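A.B. asks: Dropping a prediction and its sequence here:
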Amino acid sequence: MILGYARVSTLEQSLDSQRDALTAAGAERIFADTITGTARNRPELDRLLEQLRPGDVVVVTKYDRLARSLKDLLEIVEHIKKHGAGFRSLAEDIDTTTPAGRLVFHVFASIAQFERERIAERTREGLEAARKRGRVGGRPRALTPAQVTEVRRMRDEEMRPLPEIAALFKVSTKTVRRVT
């Protein structure tokens with residue numbers, strides 16, 4: 001049986017194009033999640049993997065719909081293989097039911113992982129170069145050093161309620177609580 005899997009990250013996105021492509025590829029059942037790919041718990045993917053039988057083929061429109069990392073992708077495809085099933089990705093023309101398809105799968109997955117690592121490396125290099133020039137990344141502090149001193153005084157000496165202090169400084173109660 002051909003089992004399709006579709007995933008979008010947000011409710012604003014539509015699964016329609018993926019469903020259409022999977023139906024055209026012969027998917028008899030389609031499992032669909034609306035959840036970020038980085039989420040560990042994907043209920044419909046879990047249901048699909050639980051129902052696998054020997055001879056089944058799991059089809060996705062693109063392999064990034066199935067997993068976000070090479071490790072995750074390899075684990076899922078290995079699980080599929082252990083159940084005697086195959087994996088197909090329509091966009092990359094990968095079909096692990098054939099030796100050539102398995103080779104292409106591993107090459108594509110490795111290239112994708114390499115590219116993600118290079119992007120992360122370039123980002124780190126850019127942040128380091130900016131720091132050397134005196135630029136600091138991240139969100140600006142909500143309170144100035146003088147305000148921090150005043151918050152401490154109001155909280156510790158005057159024993160004023162945290163929500164009251166937060167309202168005075170136009171910050172969250174959590175920010176006032178974090179001031180040490």
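C.D. replies: Right, received. Where do you want to start?

A.B. asks: and the gap between Leu70 and Met159?
C.D. replies: 54 Å (CB to CB, to the nearest Å). Every residue, glycine included, has its C-beta placed from N, CA and C.

A.B. asks: neighbour count winner among these two?
C.D. replies: Using other CB atoms under 10 Å as the criterion, Leu70 and Met159 rank with Leu70 on top: 18 against 7.

A.B. asks: Got the confidence number for that one?
C.D. replies: Looking at Leu70, its pLDDT is 73.

A.B. asks: Now do the same contact list for it.
C.D. replies: Ala109, Ser110, Ala112, Gln113, Arg116 (CB atoms under 8 Å, 6 or more residues apart in numbering).

A.B. asks: Look up how far Phe105 lies from the closest residue to the first one other than its chain neighbours.
C.D. replies: With CB to CB, 6 or more residues apart in numbering as the measure, Leu70 is the residue that lies nearest to Ala109, at 5.1 Å, once sequence neighbours are left out. Per CB to CB, Leu70 is found 11 Å from Phe105.

A.B. asks: Give me the mean pLDDT for the longest helix along the chain.
C.D. replies: Ranked by residue count and defined by DSSP state H, the top helix of the chain is helix 99-132. Mean pLDDT, helix 99-132: 87.

A.B. asks: domain assignment for the chain?
C.D. replies: 2-113, 145-178 (automatic domain parsing).

A.B. asks: measure the first one end to end?
C.D. replies: If I follow you right, that is domain 2-113. Its first and final residues considered, domain 2-113 spans 27 Å by CA to CA, to the nearest Å.

A.B. asks: can you give me how far it is from the chain middle?
C.D. replies: 15 Å (CA atoms, centre = their mean, to the nearest Å).

A.B. asks: Could you name the helices and strands sitting against the longest helix of the chain?
C.D. replies: With contacts taken as 3 or more CB pairs under 8 Å, 6 or more residues apart in numbering; DSSP states H and E, helix 99-132 sits against helix 70-82, strand 86-89, strand 94-95.

A.B. asks: Adding distance to Phe31, write those out as JSON lines.
C.D. replies: Listed next are the helices and strands packed on helix 99-132 as JSON lines, based on distance: least, CB to CB, whole Å:
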{"stretch": "helix 70-82", "distance to Phe31": "13"}
{"stretch": "strand 86-89", "distance to Phe31": "14"}
{"stretch": "strand 94-95", "distance to Phe31": "19"}
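
A.B. asks: Can you say which of those is nearest to Arg178?
C.D. replies: Evaluated over the helices and strands packed on helix 99-132, closeness to Arg178 peaks at helix 70-82, with 33.9 Å, by CB to CB.
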